[in-house]
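Participant: how would this look folded up:
(one chain, ligands or ions: 2)
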Amino acid sequence: MIIVMERTATENNIQKVTKTLEEHGFKFMINRGEIHTVIDAFGDKTTLTPGRLAAFEGVKEIKVIREPFRLASRDRQPEDTVIEFSNGVKIGGGNRPVAMVGPCSVEKDYDGLLKVALAAKEMGCEFLRGGAFKPRTSPYDFQGYEELALKYLKRASEETGLLTVTEVMDSADLSMICDYVDVLQIGARNVQNFKLLHAVGKCNKPVILKRGLASTIREFLLAAEHIMYYGNHNVILCERGIRSFDSAFTRNVMDIASIPVIKKYSHLPIIVDPSHGTGQRYLIEPMAKAGLVVGADGVMIEVHHDPENALSDGKQSLPIPMFKDVMGRINKMNNRLHYERTCLSANVE
Ligand code: PEP
Ligand code: MN
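Facilitator: Ligands and ions are numbered 1, 2, ... in the order given. The predicted structure is shown next:
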């Protein structure tokens, strides 16, 4: 890290910083400029954090050269993480992108869920998603059918062979959820619920971590770091849009650039969720494709057998016939992309 001292910093201020660096085993060089003194320091930032040094008298700013996330960083692990399931499905590492589809909430009508699951299976999707515990803005909105919903997901999985995904909101529910589903989801609203991140970090199920409504990319990767720090390295990031100033036509702003940025700085797989990213049915196909073109490892799409009567997020859910059309075109594009990225690039080399 580079520590820039204030122009008014005294010799005493500088010595206090260098003494602390020494005490923590850092190596450093002092450059005394005409106006500012700059200290170039190398050492273990877990023992002396930039945040602590920033509070020292006379310190103007600290520039961190290496990203603060370690386990999630590509510097530490250059090769992509690939998450493999017992049925052979793989996410990441240039494998063919996966699709996770299903209703926002699992509802009481099991047949409705099964219709969606069968359509997902028919279209070659790998995962059935569905909320059992719903993070709703209003306490008066539908909050999820909890264990009944988990039972339905498991039953639909047994009938179709699809893997299942559901959101965890409270670590108290975790062991029950783990009994029913294959993948845990941490929703956008809990991306910095650190205790919950630690709890899923101790589980042996892969975790989809959704980007928070106002998470920077660095904060997002540090949230993944929390999960990994507790032992679970099977983290799948999910870009689901961030809140910005213009909500006139879209619910969120889907940050498509975050995908190649994250691919550059992290080895973790990342998928896109254009349903929550845009809040609009007609935007799901173009934004899913946009995410895949820039390298996403999969898509998450909300599908409902009767969106007009859905208990949550009906407006952004695809009805089954539209889903089949959209998924058919996404599959074609994925086949083409996969061919170009594997066969063609192999020939060129
Ligand atoms: C969801 O996947 O249904 C959901 C609530 O997503 P997010 O956390 O991205 O809003
Ligand atoms: Mn939803």
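Participant: So residue 197 is in contact with residue 227, correct?
Facilitator: Yes - with contact defined as CB atoms under 8 Å, residue 197 and residue 227 form a contacting pair (5.1 Å). Where C-beta positions appear, they are placed from N, C-alpha and C, glycine not excepted.
Participant: Show me which residues of the stretch 51-200 of the chain are close to ligand 2?
Facilitator: Contacts of the stretch 51-200 of the chain with ligand 2, taken as CB under 5 Å from the ion, map to residue 104.
Participant: mind redoing it with 8 Å?
Facilitator: Proximity of the stretch 51-200 of the chain to ligand 2 (CB under 8 Å from the ion) is limited to residues 104-105, 131, 134.
Participant: Who wins on neighbours among those residues?
Facilitator: Among those, residue 131 has the most neighbours (other CB atoms under 10 Å), with 29 neighbours.
Participant: List phi and psi for it.
Facilitator: Main-chain dihedrals, residue 131, degrees, to the nearest 10: phi -90, psi 130.
Participant: Once you drop chain neighbours, what's closest to it?
Facilitator: Nearest non-adjacent residue to residue 131, counting by CB to CB, 6 or more residues apart in numbering: residue 105, 4.5 Å away.
Participant: just to revisit the earlier point, with secondary structure and pLDDT as extra columns, can I get the residues of the stretch 51-200 of the chain next to ligand 2 in a markdown table?
Facilitator: As requested, these are arranged in a markdown table below (DSSP: H, G, I helix; E, B strand; the rest coil; pLDDT from 0 to 100):
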| residue | secondary structure | pLDDT |
| --- | --- | --- |
| 104 | coil | 98 |
| 105 | strand | 98 |
| 131 | strand | 98 |
| 134 | coil | 98 |
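Participant: how about the closest residue to ligand 1 within the stretch 101-250 of the chain, what does it touch?
Facilitator: Nearest to ligand 1 in the stretch 101-250 of the chain, going by CB to the nearest ligand atom, is residue 187, at a distance of 2.9 Å. Residues near residue 187 by CB atoms under 8 Å, 6 or more residues apart in numbering: 135, 167, 169, 210.
Participant: And residue 268, by the same measure?
Facilitator: Applying CB under 8 Å, 6+ apart, the residues near residue 268 are 72, 81, 92, 224, 235-237, 262.
Participant: Need the three-state assignment for it.
Facilitator: At residue 268, secondary structure determined by DSSP: H, G, I helix; E, B strand; the rest coil is coil.
Participant: And the pLDDT for the residue of the stretch 101-250 of the chain closest to ligand 1?
Facilitator: At residue 187, the model reports a pLDDT of 98.
Participant: same thing with residue 348?
Facilitator: pLDDT for residue 348: 63.
Participant: Tell me which residues touch residue 20, please.
Facilitator: Contacts for residue 20 (CB under 8 Å, 6+ apart) come out as 48, 53, 56.
Participant: that older thread, overlap in contacts, residue 197 and residue 227.
Facilitator: Joint contacts of residue 197 and residue 227 (CB under 8 Å, 6+ apart) are 186, 209.
Participant: ok, residue 148 touching residue 108?
Facilitator: Yes - here residue 148 lies in contact with residue 108, judged by CB under 8 Å, at a distance of 7.5 Å.
Participant: Those two - which one has more neighbours?
Facilitator: Ranked by neighbour count (other CB under 10 Å), residue 148 and residue 108 place residue 148 first, with 14 against 11.
Participant: Return the backbone torsion pair for that one.
Facilitator: phi -60, psi -40.
Participant: Need the per-residue pLDDT for it.
Facilitator: At residue 148, the model reports a pLDDT of 98.
Participant: so who does the residue of the stretch 51-200 of the chain found nearest ligand 2 touch?
Facilitator: Relative to ligand 2, the nearest point of the stretch 51-200 of the chain is residue 104 (3.2 Å; CB to the ion). By CB under 8 Å, 6+ apart, residue 104 lies in contact with 130-131, 134, 275, 302, 304, 310-314, 316-317.
Participant: One more: residue 291?
Facilitator: 239, 254, 256, 259, 271-272, 274, 299.
Participant: What is the longest helix along the chain packed up against?
Facilitator: Counting by DSSP state H, the longest helix found in the chain is helix 320-339. Where contact means 3 or more CB pairs under 8 Å, 6 or more residues apart in numbering; DSSP states H and E, helix 320-339 is packed against strand 98-102, helix 110-122, helix 281-293, strand 298-304.
Participant: Please identify the most buried of the ones you listed.
Facilitator: Ranked by mean neighbour count under mean count of other CB atoms under 10 Å, these are led by strand 298-304, which reaches a mean of 28.
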